[in-house]
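> Kindly generate the corresponding structure for this input.
(chains A and B)
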Amino acid sequence: MRPIQTAALLMMAAGLGACDVHDPSEAGNLVPKTVDEDPTIPSIALAGTVFHYETFGDPTRPAIIFLHGGPGRDSRDMLLLKDRYDGYALADDHFVVNWDQRGTGLSRRHDCDVFSLDRIDADLDELVDRVSPGRPVILIGHSWGAMYATLYINHHPEKVAGAVLMEPGPLNGAMFESIKGDLYDMDVFSEWLNDDVWEGQLLTPDDHARADYHRLLGMRDAQPKFHDVNPAPVWRLGAVASKCVMNSGIKDGKAVYDFTDHLAAYTTRVLFIASSENEVTGTAFQQRQRQFYPSADLVTIPDSPHEMQWSHPAETVAAIRSYLTEVE
Amino acid sequence: MIARRMMSLVWAVALFVALLALCGTARAQSFSRLEAGEQTVSAETGLQSGIVTSLGYARGLRLGVGDRTLRTLIPFAQASLAVAKPDLHDYAFRVGSQISVVSIGWFDLSTQVAFGVAGTENGIYSGTALRTELALLAGHYGRRWFAVAEAGWARAWLTYIENGDWYRTNIYPDARDGWYSGTGGILHGGAKGGVTVGTVEFVLRAGVNKTETLQALDLPFYATVGANLRF
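All right, here's what the predicted structure looks like:
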């Protein structure tokens, strides 16, 4: 080999050696670590998995369990509801539990076949039994989290002392079919959609870290009719959880789930909270959805987008406080 | 002769502009096979990793010993842009070569190897990937038409990722910028065919995509239409 070729090869090798090349599949690089990679993250082991889990307040008080949106988002978007507004915080008189659902946020990741509606119902049931044994809980859910609350109430009405449903998504397949065309901006010329598919040239969702990172691309712009101009932050999206929980309610391309078929047994009053700006699942849609419950009130937060718990937390907590005063 | 070539180039540019006006265009290797000494300018449009526009050039080079031609090597270059919204940050450029490796009667098996760079800038990060592409093409190339099955593997071996301000501020402040190894790979399989009218070859391509570990992609298929001007 000629000296100049040898020198070029050595320089190339030295350059690559000096270069710190990261692994895109390793948590902590592109996306945060989960409870499995970072033992300092507060967690709870139950239902055969490990959840990222935080609590606020006195554990002897009545329990409130937050249920975040998604599926596939996480508990960070509920965090402002624990703060103090007008001298009051929910944790003053409750034991508040905020957790990342199975496979999302900083909770342990799972393959798709683990996810089913029965599985996530069992997850919440074990959590309820753990944090409030023998005592019904208050569920406060947003969007998918409010659907999740309804799924749970539908199966375990005796374990729920009250529920605040912040702009739930469709509570059964028929409601889903009535709005599915408006849920996402699927214009083939939209920038977010083309960014999403073009990304395959550089990065593909072959493991949880890359899939979760990729999933972020639609987070800001995919649902313009919800008017979340500054969407609530997340710890880390759960791409597999998002896709596989949604698919568990869909058969042959049609939504077949029904979280409402036993709600007649739940006579406790529930509170629906709607935003004023959401064009899809806003106030008008929730007027229809409240009919599934024997007793339900509806409050609209003025000038708010879909994620009112993030954009208008003080008004949201005030509505929750007023409701809790009446049902407890 | 020069005037004829100039007219050919004008035709090629006009065709490309017309395709742009119709839609966007798609990234791919749309030419069929070139004989030694032939050249082609190609334009292609359709869905392939988004709505993409590609413009390419290829020529046939004789590989032989003395007067005996053994093979025709077809080096090519292709530039692509994602054009749903004009954005110079979503681009790809590649250079490579196609060569026939088996030719028995009407049947031909060719292979294509390319090296390239692809970039993106989106709401989460900006990135630049160094890529390779390998494809096999099996079928028939006639005088007026061709039809081949194609299968390929494209991989981003080394990608520089710079996380955006929004991501750092709102999601993950400790995200690491820098070079990442093996960020992505796509397998594709499909078919392409075309007919030649005068000096223009019209080509259709379609097929399916999966990641290299057989995960589903958000756009699981590709479908493009292209035109190659030979001269």
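
> where's B:Gly193, which helix or strand?
Taking DSSP states H and E as the criterion, the element that holds B:Gly193 is strand B:178-197.

> Just give the strands next to that strand in its sheet, each with its orientation.
If you go by DSSP bridges, strand B:178-197 pairs up with strand A:21-22 (parallel), strand B:145-163 (antiparallel), strand B:200-211 (antiparallel).

> So what's the gap between the first one and the chain middle?
Meaning strand A:21-22. Taking Cα atoms, centre = their mean, to the nearest Å, one finds strand A:21-22 lying 31 Å from the centre of the chain it belongs to.

> residues in contact with it?
For strand A:21-22, contacts defined as Cβ atoms under 8 Å, 6 or more residues apart in numbering or on different chains pick out A:29, B:158, B:176, B:178-181. C-betas here are computed from N, CA, C, even on glycine.

> Mind giving me the ChimeraX select for those, buried ones only?
Per 16 or more other Cβ atoms under 10 Å in any protein chain shown, the buried members of the contacts of strand A:21-22 correspond to this ChimeraX selection:
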select /A:29 /B:158,179,180
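
> Find the residue ranges of chain B scoring beneath the pLDDT cut-off.
B:1-31, B:67, B:69, B:84 (pLDDT under 70).

> if you set the cut-off to 80 instead, what comes out?
B:1-33, B:48-53, B:64-70, B:82-87 (pLDDT under 80).

> backbone phi and psi for residue 214, please?
Picked chain A for this. Dihedral pair for A:His214: phi -60, psi -40, per degrees, to the nearest 10.

> what pLDDT does the residue nearest to it when sequence neighbours are not counted get?
Excluding its sequence neighbours, the residue lying closest to A:His214 (Cβ to Cβ, 6 or more residues apart in numbering or on different chains) is A:Pro205, at 4.9 Å. On pLDDT, A:Pro205 comes in at 95.

> Does A:Pro205 touch A:Ala239 like I think?
Yes - A:Pro205 is within contact range of A:Ala239, at 6.3 Å (criterion: Cβ atoms under 8 Å).

> Give me the common contacts of the two.
Shared contacts of A:Pro205 and A:Ala239 (Cβ under 8 Å, 6+ apart): A:211, A:214-215.

> Give me the buried subset of the residues you listed.
Buried among the shared contacts of A:Pro205 and A:Ala239 by 16+ other Cβ under 10 Å: A:211, A:214-215.

> who are the neighbours in contact with B:Ala118?
A:201-202, B:91-93, B:128-129, B:131, B:156.

> just to revisit the earlier point, kindly provide the distance from the residue nearest to A:His214 to B:Lys210.
Look at A:Pro205 and B:Lys210: by Cβ to Cβ, to the nearest Å, they are 11 Å apart.

> What of B:Tyr160?
B:Tyr160 is 25 Å from B:Lys210, by Cβ to Cβ.

> repeat for A:Met246
Applying Cβ to Cβ to A:Met246 and B:Lys210 gives a distance of 20 Å.

> same deal with A:His312?
Taking Cβ to Cβ, one finds A:His312 at 43 Å from B:Lys210.

> ok, the two, which is more surrounded?
Neighbours per residue (other Cβ atoms under 10 Å in any protein chain shown) separate A:His312 from B:Lys210, with A:His312 holding more: 21 against 16.

> so who does that one touch?
Applying Cβ under 8 Å, 6+ apart, we find A:His312 in contact with A:301, A:303-304.

> Spatially central, which residue of chain A would that be?
What sits nearest the mean C-alpha location of chain A, by Cα atoms, centre = their mean, is A:Gly69, with 2.9 Å.

> For that one, give me its contacts.
By Cβ under 8 Å, 6+ apart, the neighbours of A:Gly69 are A:77, A:142-145, A:307.
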